[in-house]
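**Q** Predicted model follows, preceded by the sequence.
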Amino acid sequence: MHIEVRNLNKQFGDFKAVNDVSFDIEKGHLIGLLGPSGGGKTSILRMLAGLEHPDSGEIRFHGQLVNAIPPQERGIGFVFQNYALFKHMTVFDNIAFGLKVKKFGKAQLKDRVMELVELTGLKGFEKRYPHQLSGGQRQRVAFARALAPEPQLLLLDEPFAAIDAKIRQELRSWLRELIERVGITSIFVTHDQDEAIEVADEIMIINQGRVEQKGTPWDIYKEPKTPFVATFIGESTVIERGSQLKGFEEEAAQPGTKALIRPEYIEVGLAQEFNLLSVTEEGIVGHLHFRGSEWMVEVQVGEHKLITYRSLEKETLQPGQQVRVLVHRAYLFNEDRSWIAE
Ligand code: ATP
């Protein structure tokens, strides 16, 4: 289902939780709403669901205005973080719940439930009760239950928040595959950037009630439009006076221009490792963290602490050692614009 949201606003008392938000979602896409706590993600989701009324703005499903349509008639499936399964019902009955409401016949209901049981990898668990399942299994039941009545839109509010790290990782790829197979338009709220990057076709970064940026995870990582987005997605160091950065003095000359540098655009090493013509700065090695395939190196350059990586094949650096630092690329920002400088 294609979704259009135009100029959506929601205020609670004096507080503007959602501030003039507009976006489109293509049919079949999985969108991640990512942002800090209190940014307005859940409020947006609740308005799409019809659980909250916007103060103003329009929501359209398939081109049809749904503002006045009640939640149960919007064709939406939900999955929330706290596995809101019916405790006194078996897996089968939990999944069947929405189908009974829709007055499915007995045979048809059984076929559909078993289809979902297969799809979500729950074969053999049909007769169990929620307390006899692991957290990951319970969440799969929640997905099966949400998908059973064939919703047009699936809303997921931090569906894996209560699950431990390893299972969570497995569930992410599982979800990705599931959504691809079912082909349903889905919106997924998280404040975990890795989760959003891994799972979503597109990410919307929500901050202070606004959409800061919308794009594929790769585009957002590569071309963040605001310092907030750049620091929220991926690691980076912000340099308040970008003109202090060697090699970027002219590009960042306008007062108020900040520079933001990702670890992969910084090279750190001994003087002899650099070409004499390279514009390098002097740095002092700080902490070194072994990351399995490389070292993460903190390096102090003037008043700034930069973070970068260094291959295990190179000579190991020591804390306190003097090194040269080369910055290949920076994101520059000021009040008017953001751009990439090399
Ligand atoms: P989180 O990641 O913590 O769930 P969020 O980005 O989903 O945050 P929302 O839950 O949408 O943010 O909340 C946005 C703001 O609106 C918050 O400051 C919250 O306190 C406020 N808010 C949300 N619902 C209500 C309500 N019913 N009454 C008053 N304030 C509310």
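**A** Thanks, I have it.

**Q** contacts, neighbours, all on C-alpha from now
**A** Will do.

**Q** average model confidence for stretch 121-134?
**A** For stretch 121-134, mean pLDDT rounds to 94.

**Q** Equivalent analysis for stretch 29-40, please.
**A** For stretch 29-40, mean pLDDT is 93.

**Q** Kindly report the same for stretch 241-259.
**A** What stretch 241-259 shows for mean pLDDT is 90.

**Q** do the same with stretch 51-61
**A** 96.

**Q** does the ligand sit close to that stretch?
**A** No - contact of stretch 51-61 with the ligand (C-alpha under 6 Å from any ligand atom) is absent, the minimum separation being 8.5 Å.

**Q** Now for the residue of the stretch 51-200 of the chain at minimum distance from the ligand: which residues touch it?
**A** Nearest to the ligand in the stretch 51-200 of the chain, going by C-alpha to the nearest ligand atom, is His191, at a distance of 6.1 Å. His191 sits next to Leu34, Gly35, Pro36, Ser37, Glu158 when contact means C-alpha atoms under 8 Å, 6 or more residues apart in numbering.

**Q** Roughly how far does it sit from Ile239?
**A** To Ile239, His191 is 25 Å away according to C-alpha to C-alpha, to the nearest Å.

**Q** next one: Gln318
**A** From Gln318 to Ile239 the distance is 25 Å (C-alpha to C-alpha).

**Q** Can you pick out the residue with more neighbours from these two?
**A** Ranked by neighbour count (other C-alpha atoms under 10 Å), Gln318 and Ile239 place Ile239 first, with 20 against 14.

**Q** which residues sit in contact with the more buried one?
**A** Applying C-alpha under 8 Å, 6+ apart, the residues near Ile239 are Lys258, Ala259, Leu260, His304.

**Q** Next, count neighbours for the last one.
**A** Summarising burial for His304: neighbours were counted as other C-alpha under 10 Å, giving 14.

**Q** Contact partners for it?
**A** By C-alpha under 8 Å, 6+ apart, His304 lies in contact with Ile239.

**Q** That one pairs with what?
**A** His304 forms beta bridges with Val301, as assigned by DSSP bridges.

**Q** Now do the helices for the stretch 151-300 of the chain: every range, in order, please.
**A** Applying DSSP state H, counting those that start in this stretch to the stretch 151-300 of the chain gives helices spanning 165-182, 193-199, 217-222, 227-232.

**Q** near the ligand, which residues of this protein show up?
**A** Counting by C-alpha under 6 Å from any ligand atom, the chain comes close to the ligand at Phe12, Ala17, Pro36, Ser37, Gly38, Gly39, Gly40, Lys41, Thr42, Ser43.

**Q** please redo it, this time with the cut-off set to 5 Å
**A** Applying C-alpha under 5 Å from any ligand atom, we find that the chain lies next to the ligand at Phe12, Ala17, Ser37, Gly38, Gly39, Gly40, Lys41, Thr42, Ser43.

**Q** now the contacts of His191 in a markdown table, with neighbour count and secondary structure?
**A** Output for the contacts of His191, formatted as a markdown table (neighbours: other C-alpha atoms under 10 Å; DSSP: H, G, I helix; E, B strand; the rest coil):
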| residue | neighbour count | secondary structure |
| --- | --- | --- |
| Leu34 | 26 | strand |
| Gly35 | 27 | coil |
| Pro36 | 15 | coil |
| Ser37 | 13 | coil |
| Glu158 | 19 | coil |
